[in-house]
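Undergrad: Here is a sequence with its predicted model. Questions after.
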There are 4 protein chains.
Amino acid sequence: MTAPSQAARADRGLHRDQRAHVAALHTELVRYALVTWTAGNVSERVPGEDLFVIKGSGVSYDGLAWDGITVCDLHGDVVDGVRAPSSDTAAHAYVYRHLPAVNGVVHTHSPYATAWSARGEAIPCVLTAMADEFGGPIPVGPFALIGDDSIGQGIVETLAGQRSPAVLMRNHGVFTIGDSARAAVKAAVMCEDVARTVHLARQLGEPIPIDQAAIDSLYERYQNVYGQR
Amino acid sequence: MTAPSQAARADRGLHRDQRAHVAALHTELVRYALVTWTAGNVSERVPGEDLFVIKGSGVSYDGLAWDGITVCDLHGDVVDGVRAPSSDTAAHAYVYRHLPAVNGVVHTHSPYATAWSARGEAIPCVLTAMADEFGGPIPVGPFALIGDDSIGQGIVETLAGQRSPAVLMRNHGVFTIGDSARAAVKAAVMCEDVARTVHLARQLGEPIPIDQAAIDSLYERYQNVYGQR
Amino acid sequence: MTAPSQAARADRGLHRDQRAHVAALHTELVRYALVTWTAGNVSERVPGEDLFVIKGSGVSYDGLAWDGITVCDLHGDVVDGVRAPSSDTAAHAYVYRHLPAVNGVVHTHSPYATAWSARGEAIPCVLTAMADEFGGPIPVGPFALIGDDSIGQGIVETLAGQRSPAVLMRNHGVFTIGDSARAAVKAAVMCEDVARTVHLARQLGEPIPIDQAAIDSLYERYQNVYGQR
Amino acid sequence: MTAPSQAARADRGLHRDQRAHVAALHTELVRYALVTWTAGNVSERVPGEDLFVIKGSGVSYDGLAWDGITVCDLHGDVVDGVRAPSSDTAAHAYVYRHLPAVNGVVHTHSPYATAWSARGEAIPCVLTAMADEFGGPIPVGPFALIGDDSIGQGIVETLAGQRSPAVLMRNHGVFTIGDSARAAVKAAVMCEDVARTVHLARQLGEPIPIDQAAIDSLYERYQNVYGQR
């Protein structure tokens, strides 16, 4: 991965529209209070190319526009953009290399979900909205240090064989995947929503479990019927 | 109920003013943080017709206007509108068919109320504001799968013989009713408000009960004296 | 007290500037999330007259202006204004009749403070900011029904001999007093702030007490030195 | 330290640009809900002079501009400005006198961090984001009364030999330091963020500790690699 100091000096404006779209999606992270200061990032695969676009490292959400988003190849090396890419770029790149159906990745430290991660505890599926979106519990991935492929591996291995598009990386935060950046953003938003509601439920007792058959039914329906076709 | 793919292609603009009114009421769900992403919906009966208007499925709250609201008959079949109606349309329709005095229905997954529902626990009436608006506890309805009349039946049966215009559907969320969409929205807002305050009270001990006679007195007064006549 | 239906029909615009000022102060209740829907109200004594101005009953905070505020005498009878006054008018009037140094009164159901009130538990003075503003614990008043002088009496008797400008009425909410409406609003805002922080502290253990001598010292200093002279 | 009544009457506009910058930084305290009413303040050392600029005492955040910020010498005496400086000026001055590398200081009563302070409990380092920014636990300083050097001494002594730029003053609130006012503001924002997430984690069990070697590695990397160089 390119070190920040090697970021390209001039911006050729490659994939400017997609970068503008990804920049705008960060607004949702702010709106739902999933991010604090400059933490958190959204990326999206460039269709038909071995590239993705990702937020610059430590760049403010205020006025974030296309030029705050950097174009990288699938090893995280900068292809275009004046901003050093997110310090989480290696994890995003690993996901894109290993999960070809994934086109969007989001990372946050949203507080309720991160609290579950700090205890190393998966969020149990005790809400119909959670069955709809996640199809079961939200799993916990390993503790992994930033700087190599550990986080990416942890994400990919934990999500393998799970319906959930979200994983809680231990003592760290949330990574979500989707078939677009927007879908991954929705998963990050819903992850915090259910993390909070289940937290609140648990504070005063034990939530009632939902039968696996009901979870399966809700998940199938939501994935196939909800929304506009 | 009409499947989403069967939604009308062109909008004739039937009941456009009422649809604009109902669209605008969704602003209150956002303002009080009762909804996340596109979840939650408001509907209202069309006066003098066997119709109601309801939010489109998965439609964003941003810029929601009259054309994001669909007109349905009392079996949930689309009569006008380009948006497939909410996936909760069958539940709303059931309520309008069985409770003729109800003209508005609201559904949310507001976090504190939904947390009570996940434990299957009614909210006890330990606040004067709760006695005012709900006249007693907020009851819990059964666990019910989406897709047939189960949710609607659960709402109607649970609210029968209760003063409360709100019901907590188990592991799911809140449905409220009112003599207008605005009244049902108010009930949804107040439901989350009291769900939160009673939750907070319970976190550090046991709230003091209010005598039934005092609850009756508060409820009678609020329903008859509060506000502008 | 004048029943709502007897509210004056035409508004003569008496004390229009003061009513505009009091209307604007309600913005702070909304900003700090002390109020939900139309609950909560601010009043202020008219200098040199046996009158006070108070929010209309059930009037929305959106666009609240001088004509949403009603002028009453010290028995709560309407003197000017087209809105029936707040259903809490009798309590405000009682305070103005019995506490001549009080020129402003605020009532809210702010969630953390109301949670303490539901347990009938005073908020202990374990924060320097609480010593500054309240000079000791925030006391709990009796359970009292709306509609006569019970609430007003409870407020006045509970605050007698206390430094605190705030009282938690049991199972109900907060009343605050001040030498102006703005001071009472500040007390309501700070009451919720310390109610929340002490609640959070108590959730994970016991806050450390502050010595009475230190509380006295902080209170004296804050009342005499803080701010612009 | 100059008493408020001795504040300069006319403003000569010294260091106007820096005062405007510091005024604007208070927006972040409001945005992240670290402050209530007029509590909380930001200061910054004037480069190359024995001066610093600090918010006026009890001045509102609404429309706070350069003239709401006062210029003081390192003993807290007013050099320019029409506002009496913050009642916390002595503590800021003490820090600037004793820690020459510090150029910015922030004080808040942010609720989660203050709740830890009320129990006299350091925040354990159980989040990677906390290792990044704080390099270990956030320590607790002594209980200290306002009005002399006690608070300043408590801050300086508690931070000595710690990586953390934040200290929780017992039963009081947060002080943070940085090499600029902006860095101290960031530390105050992140302090509340981790105080909240660790609080949430602790509510439902025990967070898993992070090895000291991992904390060291994360801290070194974040301080040297994160952001734009």
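TA: It's in. Note that the coordinates shown come from a computational prediction; the quantities given were computed from them, not determined experimentally. Numbering: from 1, shown residues only, chains lettered A, B, ... in the order given.
Undergrad: Tell me which residues touch whichever residue of chain A sits closest to chain D, please.
TA: Nearest residue of chain A to chain D: A:Gly58, at 3.1 Å (Cβ to the nearest Cβ). Every residue, glycine included, has its C-beta placed from N, CA and C. If a contact means Cβ atoms under 8 Å, 6 or more residues apart in numbering or on different chains, then A:Gly58 has A:Thr38, D:Tyr226, D:Gly227, D:Gln228 as its contacts.
Undergrad: Take those residues and lay them out in CSV including secondary structure and neighbour count.
TA: Below are the contacts of A:Gly58 laid out as CSV (DSSP: H, G, I helix; E, B strand; the rest coil; neighbours: other Cβ atoms under 10 Å in any protein chain shown):
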residue, secondary structure, neighbour count
A:Thr38, coil, 19
D:Tyr226, coil, 19
D:Gly227, coil, 16
D:Gln228, coil, 13
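Undergrad: Farthest pair within those?
TA: Maximum pairwise distance in those, criterion Cβ to Cβ, is 10.2 Å, between A:Thr38 and D:Gln228.
Undergrad: Now do the shared contacts for those two.
TA: A:Gly58, A:Val59.
Undergrad: what helix or strand does A:Gly147 sit in?
TA: Using DSSP states H and E, A:Gly147 maps to neither a helix nor a strand.
Undergrad: what do you get for the one 4 residues further on?
TA: Using DSSP H and E, A:Ile151 sits within helix A:150-159.
Undergrad: wait, does the helix or strand bottoming out on mean pLDDT in chain A make contact with chain B?
TA: The helix or strand of chain A with the lowest confidence, counting by mean pLDDT, DSSP states H and E, is helix A:212-225 at a mean of 93. Yes - counting by Cβ under 8 Å from any Cβ of the partner chain, chain B has neighbours in helix A:212-225: A:Ala214, A:Ser217, A:Leu218, A:Arg221, A:Tyr222, A:Val225.
Undergrad: Most neighbours among the residues you listed, which one?
TA: Scoring these on neighbours with other Cβ atoms under 10 Å in any protein chain shown, the highest-scoring entry is A:Leu218 at 24 neighbours.
Undergrad: near chain B, anything from the helix or strand A:Ala184 falls within?
TA: Per DSSP H and E: A:Ala184 is located in helix A:181-203. Yes - contact of helix A:181-203 with chain B (Cβ under 8 Å from any Cβ) involves A:Lys186, A:Val189, A:Met190, A:Asp193, A:Arg196, A:Thr197, A:Val198, A:Leu200, A:Ala201, A:Gln203.
Undergrad: Run the chain-centre distance for that helix.
TA: 12 Å (Cα atoms, centre = their mean, to the nearest Å).
Undergrad: Likewise for stretch A:97-115?
TA: On Cα atoms, centre = their mean, the centre of stretch A:97-115 falls 2 Å from that of its chain.
Undergrad: which of the residues in it are buried?
TA: A:98-99, A:102-115 (16 or more other Cβ atoms under 10 Å in any protein chain shown).
Undergrad: quick one: the helices in chain A?
TA: Assigned by DSSP state H, chain A shows helices spanning A:16-31, A:89-98, A:111-118, A:128-134, A:150-159, A:181-203, A:212-225.
Undergrad: right, so those helices: which one is the most enclosed?
TA: helix A:111-118 (a mean of 28; mean count of other Cβ atoms under 10 Å in any protein chain shown).
Undergrad: what about that helix, average pLDDT?
TA: In this model, helix A:111-118 carries a mean pLDDT of 98.
Undergrad: Output that helix as CSV - backbone C-alpha positions only.
TA: This file holds the C-alpha atoms of helix A:111-118, laid out as CSV (Å, rounded to 0.1, in the frame of the first residue of the first chain):
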residue,chain,number,x,y,z
PRO,A,111,-20.9,3.7,19.6
TYR,A,112,-23.5,0.9,20.4
ALA,A,113,-22.1,-1.5,17.9
THR,A,114,-18.5,-0.8,19.1
ALA,A,115,-19.6,-1.4,22.6
TRP,A,116,-20.7,-4.9,21.7
SER,A,117,-17.4,-5.4,19.9
ALA,A,118,-15.5,-4.3,23.0
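Undergrad: Now A:Glu157: closest residue in space that isn't a chain neighbour?
TA: Among residues not flanking A:Glu157 along the chain, A:Gly141 sits closest, at 7.5 Å (Cβ to Cβ, 6 or more residues apart in numbering or on different chains).
Undergrad: and the gap between the residue positioned nearest the centre of chain A and A:Lys55?
TA: In chain A, the residue lying closest to the centroid (Cα atoms, centre = their mean) is A:Val106, at 2.3 Å. Remark: distance between A:Val106 and A:Lys55 (Cβ to Cβ, to the nearest Å) = 10 Å.
Undergrad: what residues are shared contacts of those two?
TA: In contact with both A:Val106 and A:Lys55: A:Asn41, A:Val42, A:Ser43, using Cβ under 8 Å, 6+ apart.
Undergrad: Could you pick out the residues of chain A near chain B for me?
TA: Checking chain A against chain B by Cβ under 8 Å from any Cβ, the hits are A:32, A:126-129, A:186, A:189-190, A:193, A:196-198, A:200-201, A:203-208, A:210, A:214, A:217-218, A:221-222, A:225-229.
Undergrad: How far does stretch A:143-152 sit from its chain's centre?
TA: Worked out by Cα atoms, centre = their mean, stretch A:143-152 lies 15 Å from the chain centre.
Undergrad: Report the contact partners of the residue nearest to the centre of chain A.
TA: A:29, A:40-43, A:174-176, A:178, A:181, A:184-185, A:187-188.
Undergrad: Same check on A:Ala181?
TA: Counting by Cβ under 8 Å, 6+ apart, A:Ala181 has contacts A:His21, A:Val22, A:Leu25, A:Val42, A:Ser43, A:Glu44, A:Asn103, A:Gly104, A:Val105, A:Val106.
Undergrad: ok, it to chain B distance?
TA: 15 Å (Cβ to the nearest Cβ, to the nearest Å).
Undergrad: A:Ala129 and A:Asp193 touch, don't they?
TA: Yes - with contacts counted by Cβ atoms under 8 Å, A:Ala129 reaches A:Asp193, the gap being 7.4 Å.
Undergrad: Overlap of the contact sets of these two?
TA: B:His109.
Undergrad: so where's chain A shaky on pLDDT?
TA: Along chain A, segments meeting pLDDT under 70 span A:1-9, A:229.
Undergrad: Next to chain D, which bits of chain A? Give me the list.
TA: So chain A meets chain D at A:3-5, A:36-39, A:56-59, A:83-84, A:87, A:109, A:111-112, A:114-116, A:118-121, A:143, A:145-147, A:170-173, A:199, A:202-203 (Cβ under 8 Å from any Cβ).
Undergrad: coming back round to it: can you pull up the bridge partners for the residue nearest to A:Glu157?
TA: A:Met169 (DSSP bridges).
Undergrad: I'd say it and A:Thr158 touch.
TA: Yes - applying Cβ under 8 Å, one finds A:Gly141 in contact with A:Thr158, separated by 3.8 Å.
Undergrad: By proximity to chain B, which residue of chain A wins?
TA: For chain A, Cβ to the nearest Cβ, closest residue to chain B: A:Gly227, 3.1 Å.
Undergrad: what's the spacing between that residue and B:Pro85?
TA: Taken as Cβ to Cβ, the span from A:Gly227 to B:Pro85 is 11 Å.
Undergrad: same deal with A:Ala10?
TA: From A:Ala10 to B:Pro85 the distance is 51 Å (Cβ to Cβ).
Undergrad: Check A:Leu218 too.
TA: The value you get for A:Leu218 to B:Pro85, if Cβ to Cβ is used, is 19 Å.
Undergrad: ok, A:Arg202 - contacts?
TA: Per Cβ under 8 Å, 6+ apart, neighbours of A:Arg202: D:Leu204.
Undergrad: can the shared contacts of A:Val106 and A:Lys55 go into JSON lines with extra columns for distance to B:Pro165 and neighbour count?
TA: Listed next are those as JSON lines, based on distance: Cβ to Cβ, whole Å; neighbours: other Cβ atoms under 10 Å in any protein chain shown:
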{"residue": "A:Asn41", "distance to B:Pro165": "43", "neighbour count": "26"}
{"residue": "A:Val42", "distance to B:Pro165": "40", "neighbour count": "29"}
{"residue": "A:Ser43", "distance to B:Pro165": "45", "neighbour count": "29"}
